[in-house]
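1. based on what follows, work out the 3D shape:
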Amino acid sequence: MSDILSQSEIDNLLQALSTGEVDAEEMKANNEKQVKVYDFARPSKFSKEHLRTLEIIFEHYGRLLSTNLPVYLRKNVQVEVMNSEAVTYMEFSNALSNPVLLGIVNFDPLEGNIIVEMASQLGFTIVDRMLGGEGEPMDKVREFSEIELLIIERIMTACVSLLREPWENVIDIHPRLERIETNSQFAQVISPSEMIAIITINIKIGEVEGLMNVCLPYITLEPVMEKLNTKFWYSSMQEKSEAAYAEAIESLISKAAIPVTAVLGNSTISVSDFSGLQVGDVVRLDTKVDQELEVFVGDIKKFTALPGAAGDNYAVRVTSVIREEQ
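-> Numbering: from 1, shown residues only. The predicted structure is shown next:
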């Protein structure tokens, strides 16, 4: 319900209008609705919320890249998500130069493909490292040979397989690298006017830096767009209690294999005596036959025990446990 003016307020308003303190035209202009310009050539299909959620997904992906790529390249790899933006595919393809490394990725079970574009200098650095070099980029830009493309394909296949884990809170995907194109004209898998989200990732291999752009078409992500918001993201993440986490760690530790060593005794001899040892020689130890032995778990003295036998095998019987406080 609108506010009702009192008679005194009406009189004050009329007086203000007559003296010019209040402009009637200005009051009318303030009540007019503001028109928002809408570009039909670039419809706003990706909101800021969508782009922010995609950044969170690919920040997780970046951490996986930085821990898995050094296994192949044997060099320190740093990965950082730079930014995200929504553009048309035409704008993205027009900005590409030849030669270019474009990985066409099947995003099963989602329809369509995504595109992973990697800087050429990163491609040459990867080839150099895989062939035993220092990881130096090429001074001159040239076409990639068939052998170089096979090497890069192996690394890109490993990178694509890592996409599954970051996306598991949204959808269970099975990404697969279909092919690598070095000419952008042969990678027209999306309509030029289709809106895409581009996630720009900076990759540093040793001292060489380059960008990797991940192109995500709206038509591919449309079935899961409602899930690309931070509320759904955090609510779908599985929360584990501290007790469950401790139990999982304990279960993993219990399966770890550790060496247990029973030390019969120690002795000190000269190098000349050691070099002259023959079969049948006796080495005098510093322990007696009935004395308890020290049992080590790894490098920690944990038990005392008496020597014996179990069937045809030598054995020890634990007599006491050495606590940490002892």
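2. tell me the backbone dihedrals of E117, please.
-> The phi/psi pair for E117 (degrees, to the nearest 10) reads phi -100, psi 130.
3. check whether it really touches G210, as I assumed.
-> No - taking contacts as Cβ atoms under 8 Å, E117 lies outside contact range of G210: 10.6 Å. Backbone N, C-alpha and C define where each C-beta goes, glycine included.
4. need the pLDDT of I180.
-> Per-residue pLDDT puts I180 at 88.
5. immediately after the worst-scoring helix or strand of the chain on mean pLDDT, which helix or strand?
-> Lowest by mean pLDDT, DSSP states H and E among the helices and strands of the chain is helix 24-31, with a mean of 58. Once helix 24-31 ends, the next helix or strand along the chain (criterion: DSSP states H and E) is helix 48-73.
6. show me what that next one packs onto, helices and strands only.
-> Applying 3 or more Cβ pairs under 8 Å, 6 or more residues apart in numbering; DSSP states H and E, we find helix 48-73 packed against strand 77-88, helix 120-130, helix 146-161, strand 195-205, helix 230-236.
7. state the mean pLDDT of the helix or strand containing S8.
-> Using DSSP H and E, S8 maps to helix 7-19. On average, the pLDDT along helix 7-19 is 74.
8. determine how far that helix lies from the middle of the whole chain.
-> A distance of 66 Å separates the centroid of the chain from that of helix 7-19, by Cα atoms, centre = their mean, to the nearest Å.
9. export it as PDB, just CAs?
-> Extracted in PDB, the C-alpha atoms of helix 7-19 (Å, rounded to 0.1, in the frame of the first residue of the first chain):
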ATOM      1  CA  GLN A   7      -2.500  17.900   4.400                       C
ATOM      2  CA  SER A   8       0.600  19.600   5.700                       C
ATOM      3  CA  GLU A   9       2.900  17.500   3.600                       C
ATOM      4  CA  ILE A  10       0.700  18.200   0.500                       C
ATOM      5  CA  ASP A  11       0.900  22.000   1.200                       C
ATOM      6  CA  ASN A  12       4.700  21.800   1.600                       C
ATOM      7  CA  LEU A  13       5.000  19.900  -1.700                       C
ATOM      8  CA  LEU A  14       2.900  22.400  -3.600                       C
ATOM      9  CA  GLN A  15       4.900  25.200  -2.100                       C
ATOM     10  CA  ALA A  16       8.200  23.600  -3.200                       C
ATOM     11  CA  LEU A  17       6.800  23.100  -6.800                       C
ATOM     12  CA  SER A  18       5.700  26.700  -7.000                       C
ATOM     13  CA  THR A  19       9.100  28.100  -5.800                       C
END
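10. E55 is nearest to which of the helices and strands packed on helix 48-73?
-> strand 77-88 (5.1 Å; Cβ to Cβ).
11. quick check: buried residues in the next helix-or-strand element following the closest one?
-> Of the helices and strands lying after strand 77-88 in sequence (DSSP H and E), the nearest is helix 89-94. Buried residues in helix 89-94, defined by neighbour count with 16 or more other Cβ atoms under 10 Å: Y89, F92, S93.
12. what does the model give I126 for pLDDT?
-> Looking at I126, its pLDDT is 90.
13. do the same with S235
-> 57.
14. I190 in helix, strand or coil?
-> coil (DSSP: H, G, I helix; E, B strand; the rest coil).
15. for the closest residue to it other than its chain neighbours, give me its contacts.
-> Excluding its sequence neighbours, the residue lying closest to I190 (Cβ to Cβ, 6 or more residues apart in numbering) is Y89, at 4.5 Å. Y89 sits next to I190, S191, P192, S193, E194, M195, I196, C215, P217 when contact means Cβ atoms under 8 Å, 6 or more residues apart in numbering.
16. now the residues you listed as a markdown table including neighbour count, pLDDT and distance to E181?
-> What follows is the contacts of Y89, written out as a markdown table (neighbours: other Cβ atoms under 10 Å; pLDDT from 0 to 100; distance: Cβ to Cβ, whole Å):
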| residue | neighbour count | pLDDT | distance to E181 |
| --- | --- | --- | --- |
| I190 | 23 | 80 | 13 |
| S191 | 12 | 81 | 17 |
| P192 | 12 | 83 | 16 |
| S193 | 11 | 82 | 21 |
| E194 | 16 | 85 | 18 |
| M195 | 19 | 87 | 21 |
| I196 | 26 | 87 | 16 |
| C215 | 23 | 91 | 13 |
| P217 | 23 | 88 | 16 |
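17. now for those: which two are most distant?
-> Farthest pair in the contacts of Y89 (Cβ to Cβ) is S193 and C215. Separation: 14.5 Å.
18. okay, V127 and V71: tell me how far apart.
-> V127 is 17 Å from V71, where distance means Cβ to Cβ, to the nearest Å.
19. ok, those two, which is more surrounded?
-> V127 (22 against 9; other Cβ atoms under 10 Å).
20. my guess is that one contacts L149. True?
-> No - here V127 does not reach L149: they are 9.1 Å apart, not a contact under Cβ under 8 Å.
21. possible to save the contacts of Y89 as a markdown table with distance to P223?
-> Formatted as a markdown table, the contacts of Y89 follow (distance: Cβ to Cβ, whole Å):
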| residue | distance to P223 |
| --- | --- |
| I190 | 16 |
| S191 | 18 |
| P192 | 22 |
| S193 | 20 |
| E194 | 15 |
| M195 | 15 |
| I196 | 16 |
| C215 | 18 |
| P217 | 12 |
